[in-house]
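Q: Sequence first, predicted model second:
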Amino acid sequence: MRTVDLILQKKAGHKLSREEIEFLVAGTVNGSIPDYQISAFLMAVCFRGMDAEETVDLTRAMRDSGQIVRLEGIRGLKVDKHSTGGVGDKTTLVAGPLAAACGLKVAKMSGRGLGHTGGTLDKMESIPGVRVDLSQREFIDQVNNHGIAVIGQSGDLVPADKTLYAMRDATGTVDSIPLIAASIMSKKLAVLNDVLVLDVKFGKGAFMQTLDEGRQLARSMVEIGSGMGLRTAALLTDMDRPLGHAVGNAIEVREAIDCLRGKGPDDLEELALAICTEHLLMGGIAASREAARATLKEKLSSGAAYKKFVEFIAAQGGSEEALEQMPRAPHEEVFPCHASGFVTAIDCLAVGHAAMLLGAGRETKESTIDHSVGIFVDKRLGDAVAKGEPLVRLQYAVRARCDAAIRALESAFRVEPARRDPGPVVHEVLRP
Ligand code: URA
C-alpha cells in the first residue's frame with residue numbers, strides 16, 4: 001500500500017477500506033508516514049469527508065493505537081458523559097454525583113481547561129487537598145466504594161489522536177466532522193463504559209456554530225458509539241450563553257454545590273437532569289422519562305446528591321470543611337450595563353476569553369491558573385437590565401489582568417429594548 005495512492009483516492013472523493021485506514025493510522029503512530037503526507041490526507045478528509053463506515057474504522061484504528069482501560073472489577077452499570085467544551089460548564093460536578101446517588105457507577109477521565117473553555121480537573125483542584133492523580137487501583141476501588149471517581153486521562157490513551165490533533169491544529173484541519181467525531185469517540189471508547197451521554201454544544205462559544213452542524217456531529221458520534229457496541233445518546237445544547245452564572249474554577253464549584261443542593265441555576269440543573277435521565281433510561285434503571293426525572297429530582301431535593309458529592313470529594317482528599325476553604329479572589333469589579341433593556345445576546349467566547357485573561361484559564365497548555373479568580377454573570381439571556389446595573393462581576397487578583405478582561409467584555413453583551421425568548425438549553429436528544 002502506498003500513502004500517496006490513499007491521499008489521491010480520498011482527494012477524488014472515494015471511500016477508503018478498513019485496511020487502508022488502519023495503514024494510515026499505524027503509519028501516523030509509528031512515524032513511517034511523514035507529516036506532510038498525513039497533513040495532505042487530513043486536508044483531503046476536510047474537503048471530501050468520510051462516510052459512517054469510514055468514520056467508525058478511523059475511530060477504531062485510533063482507539064486501538066494505545067491502551068484500553070477495561071474498568072474490570074467495577075461492579076454495576078458504568079456511565080460516562082462528555083461535553084464538547086463550553087463556557088461555565090461545570091455539569092460533570094453535578095451530573096456525576098447525581099448519577100452516583102442513583103446507584104450508577106461513574107468512572108470518569110476528565111480533562112483540563114484550554115483557551116476559553118474550562119476543565120473539570122482544574123475545578124476540582126480548587127478544593128484544598130483534592131487529588132486527581134489516583135492510581136488505577138485507587139480509581140477502581142473508589143468507584144466500587146463510593147460510586148464515583150474523577151481522574152486525568154492516562155498518558156497511553158489513543159496516541160494516534162495526540163499526533164493527529166497536533167497536525168490538524170497546525171494545518172487548519174480541525175473543523176471536520178469525521179475528524180472531530182473520531183478524535184472524541186476514540187478516547188471515549190478507549191475506556192470501556194456501558195453508557196455514554198454526549199453533550200454536544202453549538203453556538204458562538206462552541207466548536208459547532210449552528211444547531212445543524214451540532215446535529216451532524218452528534219449524529220456521527222452516536223453512530224460511532226452504537227457501531228462499536230456502546231449505548232450512546234447525544235444532547236444538543238445551547239452555547240450562545242454561559243452555563244449558569246459562574247465562569248472560573250472555585251466559583252464554578254460553588255455554583256455546582258448550590259445546584260446539588262437544589263438551589264442551582266435552572267439551565268445547569270436542566271442539563272444535569274437531561275444527562276442523567278439518558279443514563280437511567282439507557283441503563284434500564286428507569287422505565288420512563290418521567291420516572292427518571294422524578295428519581296433525579298428527589299436526589300437533589302433530599303440532599304442525597306450533595307451528600308454523594310461530599311463523599312466523592314472526601315475520597316479524593318478533600319472534605320466538607322475544604323469546600324468552605326476554596327480560594328476567593330481578593331478584589332471584585334463591576335462591569336456595568338450602559339443602557340436599559342433586555343439582554344438579547346451574549347458572546348460566550350468573549351466571556352470565556354475574559355475569564356482566561358483574569359487567570360482562570362490557560363492560554364497555552366503550559367500556563368498556570370489561579371483557582372480563585374473568575375466571572376459572575378449577573379444578567380443572563382432574556383433578563384431585564386437597567387442602565388448602571390452590573391452585567392457581570394469580575395473577581396480578580398491582578399489589576400492589569402482585570403483591565404484586559406474588561407476590554408475583552410466590551411462588546412460581549414447586546415442589550416435591546418424588546419425581550420427575546422432565550423429558548424431551552426437542551427434543544428434535542430439524539431438516540432441510536
Ligand atoms: N475535542 C477533541 O477531543 N477532539 C477534537 O477534534 C475536537 C474537540
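A: On my side now, so go ahead.
Q: what's the closest non-adjacent residue to the residue in the stretch 201-350 of the chain positioned nearest to the ligand?
A: Proximity of the stretch 201-350 of the chain to the ligand (C-beta to the nearest ligand atom) peaks at Phe207, 6.0 Å away. C-beta coordinates here come from the backbone N, C-alpha and C atoms, glycine included. Distances taken as C-beta to C-beta, 6 or more residues apart in numbering place Thr84 nearest to Phe207, at 5.8 Å, with adjacent residues excluded.
Q: what about stretch 146-158, near the ligand?
A: No: judged by C-beta under 6 Å from any ligand atom, stretch 146-158 makes no contact with the ligand; its nearest approach is 9.3 Å.
Q: Listing request: residues of the chain with sub-threshold pLDDT.
A: Applying pLDDT under 70 to the chain picks out no residues at all.
Q: Up against the ligand, what does it have?
A: Ile180, Ser183, Ile184, Phe207.
Q: If we go by neighbour counts, what in the strand or helix carrying Ser220 is buried?
A: Assigned by DSSP states H and E, Ser220 falls within helix 211-227. Buried residues in helix 211-227, counted by 16 or more other C-beta atoms under 10 Å: 211, 213-225, 227.
Q: and what of stretch 105-115?
A: Under 16+ other C-beta under 10 Å, the buried positions of stretch 105-115 are Lys105, Val106, Ala107, Lys108, Met109, Ser110, Gly111, Arg112, Gly113, Leu114.
Q: list the contacts for the fifth one?
A: In other words, Met109. Val69, Val150, Ile151, Gly152, Gln153, Ser154, Leu157, Val191 (C-beta atoms under 8 Å, 6 or more residues apart in numbering).
Q: Next, format those residues as TSV and append neighbour count and secondary structure.
A: Conversion of the contacts of Met109 to TSV gives the following (neighbours: other C-beta atoms under 10 Å; DSSP: H, G, I helix; E, B strand; the rest coil):
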residue	neighbour count	secondary structure
Val69	19	strand
Val150	25	strand
Ile151	21	strand
Gly152	15	strand
Gln153	16	coil
Ser154	15	coil
Leu157	19	coil
Val191	22	strand
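Q: Which pair in the residues you listed has the greatest spatial separation?
A: Val150 and Leu157 (15.2 Å; C-beta to C-beta).
Q: Among the contacts of Met109, which one sits closest to the ligand?
A: Out of the contacts of Met109, the member with the shortest distance to the ligand (by C-beta to the nearest ligand atom) is Gln153, at 10.1 Å.
Q: any idea whether the residue in the stretch 51-200 of the chain that the ligand sits nearest to is helix, strand or coil?
A: Distances between the stretch 51-200 of the chain and the ligand by C-beta to the nearest ligand atom are smallest at Ser183, namely 3.4 Å. When classified by DSSP: H, G, I helix; E, B strand; the rest coil, Ser183 comes out as helix.
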